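Novice: Any chance you can model this:
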Amino acid sequence: MFRVKVAQGVLRRSIQSLFFTTSRKSVSTMSASGAQTINTTERLAGIRELMTKKEYAVQALVVPSEDQHSSEYLAHCDQRRAFVSGFTGSAGCAVVTLEEAFLFTDGRYFLQAGQQLDQNWTLMKQGLPDVPTWQDFLAKNLGPSTKIGIDATLISASDAETINKALSPKGSTLVPLEKNLVDAVWNDRPPRPHNPVFHLDEKYSGQSPSDKISRLREEMEKKKHKAVVVTMLDEVAWLFNLRGSDIDYNPVFFAYAVITTEHAEFFIENSQLDGAAREYLSNIVNIRPYDGIFDYLKKLPGQLNLTEESKILLGDKASLAVAEAIGQGNFTIDRSPVAELKAIKNATELEGFRQCHIRDGAALARYFSWLEEQLENKVDISESQGADKLEAFRSELDLFKGLSFDTISSTGPNGAIIHYKPDPEDCAIIRKDQVYLCDSGAQFLDGTTDTTRTWHFGNPTDEEKRAFTRVLQGHICIDTAIFPSGTTGEWAHVSDAFARKSLWQDGLGNVAFCWHGTGHGVGHFLNVHEAYNNTTLKAGMTVSNEPGYYADGRFGIRIENIVLVRDANTPNNFGDKGYLGFEHVTMCPIQKKLIDTSLLTEPERTWLNEYHAETWSKVSPLLQNDQRALQWLKRECSPL
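Specialist: This next block holds a predicted model:
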């Protein structure tokens, strides 16, 4: 996942409700504030019994978070690590030995994991001194000659190779298991979803599948690849202009694709494609059963004239099972060219981002003005009720298809819990005298939104105002940044300093900085987190700008806009590399009441006034039928 590591805030939202029916009333009651602990004794006993059986004979079992497509978000049937451990956070890995059980996760989830894990588990806080990653743990902490079981569909081929190299000196090894041992003890495991799949009109996608496949083949020819196996769900969806709802909040579906120089093969549950989608793909792809992918891959090398220089390309997230089906020596592993093509949005997609954020801004204005009025009238509104109301406003917007993640609606100390979700049955009342942080987004046919705003509906303290202002200054610094074209990893370090500079001037910062970047890629009516790892930034990419500050137990502050990477005009062009900058598309006021204006420079004041003028001009025409929201927007967008 791309990290413009600009301060905190990359939130891996947990998936709790169906994509197209996102009523928060159906959400699980697991949350950072009201976490439930599940007794895992029986589950672990069942797994350990299987581990000792002759057909498996392993001394340790790795249970990753990912599914067979290396998805960040999971269908309920694939939440194996959550089932076996009781920890429901979206990031982590479980390692079960015959006597102990370990849960590895990062700083976003220390609090939640500590609340949810029972006495059977040891929490391994990755990122803290002397705490290994789960991969290092296997090599350094387990005994020699350990056989470590793993479902080969749930670990990438590249990770498996690295781990086996580390295990080799101790005589240990990863053992691919024919049967997933968690599934064997998960008696009430939900069925795999097979929801309808529809095609996305080219007036929204801006490009046909035929054109995309042609561009992919051009990339294949440059690298002399005979075929590309596409395993990531958002890549398959993008390539064929299809969308679905098999995973909550993510408009994707379970499928694989294989593109050769001659054919395009599409592996999907046949019943999922509606008639229009099937007709749309006719004469473009060969539709095959989803479960037929591995048999097809076993035969593929024999159908291609492979050489040492010309092989089958696997993306770096492709599973060990995929690699084993193709056979050693027949493939090469590299970043998927589909990921690169998808990341650079075309003109239609970019305009869609602009337009959907304007509409989304109208819903946000309606919500925040409504919430302010309720609090002024001393009406009790819970965090969950607030999130429901915001979703209701969004649902009235054109082209709305659902939320893009579970809304983070948090008041006071809950705002300092980075991954907070309000429990509808037991959550806080939003208080006028506390900082309120709302991180939310939506899926539209023409784009995906993700916006965070921090408000105070009473009288903020000097401390709150100063911290908010320092976060705002970091946000402005990123928004106005100019950087050389071709920037990759080093941008994370530079932008990190950009965002934190003002906070550091006040000696503000907390350990959470080590755990969160300040940005992530954003898909176009696709996953709200789009992976740009180790990718050169290019014009047309979409990323978030979301610095934050979190005072544990008291309040949290985050300001998030979605920005488009674009070419920047500079007086000079040293080295003819070209330079890039950002165009913000999120249109929602930044609360002036929380700003200590004495800290702002003139350019920062100018930026804020211009941003608010732009927000007013674009959003106000959509609020003519809501005078409350219109007057609120006019006030909030007035110049300093």
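
Novice: Where is the longest strand in this structure?
Specialist: strand 561-568 (DSSP state E).

Novice: So what's the model's average confidence on that strand?
Specialist: The pLDDT scores in strand 561-568 average 96.

Novice: Repeat that for stretch 407-424.
Specialist: On average, stretch 407-424 scores 92.

Novice: Now do the phi/psi pair for residue 440.
Specialist: For residue 440, the backbone dihedrals (degrees, to the nearest 10) come out as phi -150, psi 170.

Novice: Also residue 611?
Specialist: Note on residue 611: backbone dihedrals following degrees, to the nearest 10 are phi -60, psi -40.

Novice: Make sure it is actually in contact with residue 586.
Specialist: No - in this structure, residue 611 is not within contact of residue 586 by C-beta atoms under 8 Å, at 9.6 Å. (Each C-beta comes from the backbone N, C-alpha and C, glycine too.)

Novice: Pick out whichever of the two has more residues nearby.
Specialist: Between residue 611 and residue 586, counted using other C-beta atoms under 10 Å, the more crowded position is residue 586 (25 against 20).

Novice: Compute the distance between the nearest residue in space to that one that is not next to it in sequence and residue 300, please.
Specialist: Distance criterion C-beta to C-beta, 6 or more residues apart in numbering; nearest residue to residue 586, sequence neighbours excluded, is residue 561 at 3.8 Å. For residue 561, the distance to residue 300 equals 44 Å [C-beta to C-beta, to the nearest Å].

Novice: who's more crowded, the two?
Specialist: The neighbour comparison of residue 561 against residue 300 (other C-beta under 10 Å) goes to residue 561, with 25 against 22.

Novice: Could you check how far that one is from residue 546?
Specialist: Taking C-beta to C-beta, one finds residue 561 at 8 Å from residue 546.

Novice: what residues are shared contacts of these two?
Specialist: Contact criterion C-beta atoms under 8 Å, 6 or more residues apart in numbering; residues shared by residue 561 and residue 546: residue 475.

Novice: Show me the strands in the stretch 351-500 of the chain, by range?
Specialist: Along the stretch 351-500 of the chain, counting by DSSP state E, counting those that start in this stretch, strands occupy 400-403, 408-411, 435-440, 442-444, 447-448, 451-456, 483-484.

Novice: Could you give the separation of the last one from the chain centroid?
Specialist: To tie it back to what came earlier, the one meant is strand 483-484. 25 Å (C-alpha atoms, centre = their mean, to the nearest Å).

Novice: Same check on the fourth one?
Specialist: Strand 442-444 has its C-alpha centroid displaced from the chain centroid by 14 Å (C-alpha atoms, centre = their mean).

Novice: which outside residues touch that strand?
Specialist: Identification of contacts with strand 442-444 by C-beta under 8 Å, 6+ apart yields 19, 249, 251, 352, 356, 359-360, 363, 394, 397-404, 448-449, 525.

Novice: at 7 Å instead, please
Specialist: Strand 442-444 is contacted by residues 251, 356, 360, 394, 399, 400, 401, 402, 403, 404, 449, 525 when judged by C-beta atoms under 7 Å, 6 or more residues apart in numbering.

Novice: what's the answer for the third one, then?
Specialist: Strand 435-440 is contacted from outside by 11, 390, 407-412, 415, 430, 451-457, 464, 555-558, 560, using C-beta under 7 Å, 6+ apart.

Novice: Repeat the analysis, applying 8 Å as the threshold.
Specialist: 9, 11, 364, 368, 371, 386-387, 390, 403, 405, 407-412, 415, 430, 450-457, 460, 464, 555-558, 560.

Novice: With the second one instead?
Specialist: With contact meaning C-beta under 8 Å, 6+ apart, strand 408-411 is reached by 11, 13, 383-384, 386-387, 390, 417, 419-422, 428-431, 434-440, 452, 556.

Novice: Give the pairing partners of that strand; include direction for each.
Specialist: Strand pairing for strand 408-411, using DSSP bridges, gives strand 435-440 (antiparallel).

Novice: And the partner strand, how far out from the chain middle?
Specialist: Counting by C-alpha atoms, centre = their mean, strand 435-440 is centred 18 Å from the centre of its parent chain.

Novice: ok, now stretch 437-454?
Specialist: 13 Å.

Novice: and if you look at stretch 131-142?
Specialist: Offset of stretch 131-142 from its chain centre (C-alpha atoms, centre = their mean): 26 Å.

Novice: Among the contacts of strand 408-411, name the buried ones.
Specialist: Buried residues within the contacts of strand 408-411, counting neighbours by 16 or more other C-beta atoms under 10 Å: 11, 13, 383-384, 386-387, 390, 417, 419-422, 428, 430, 434-440, 452, 556.

Novice: Which stretches in the stretch 51-200 of the chain count as strands?
Specialist: Going by DSSP E, counting those that start in this stretch, the stretch 51-200 of the chain shows strands at 60-64, 93-97, 101-105, 122-125, 147-151, 173-177, 198-199.

Novice: got the angle between the third one and strand 60-64?
Specialist: Between the axis of strand 101-105 and that of strand 60-64 there is an angle of 30 degrees, by axes from the mean of the first three to the mean of the last three C-alpha atoms, to 10 degrees.

Novice: I'm done for today, thanks for sticking with me.
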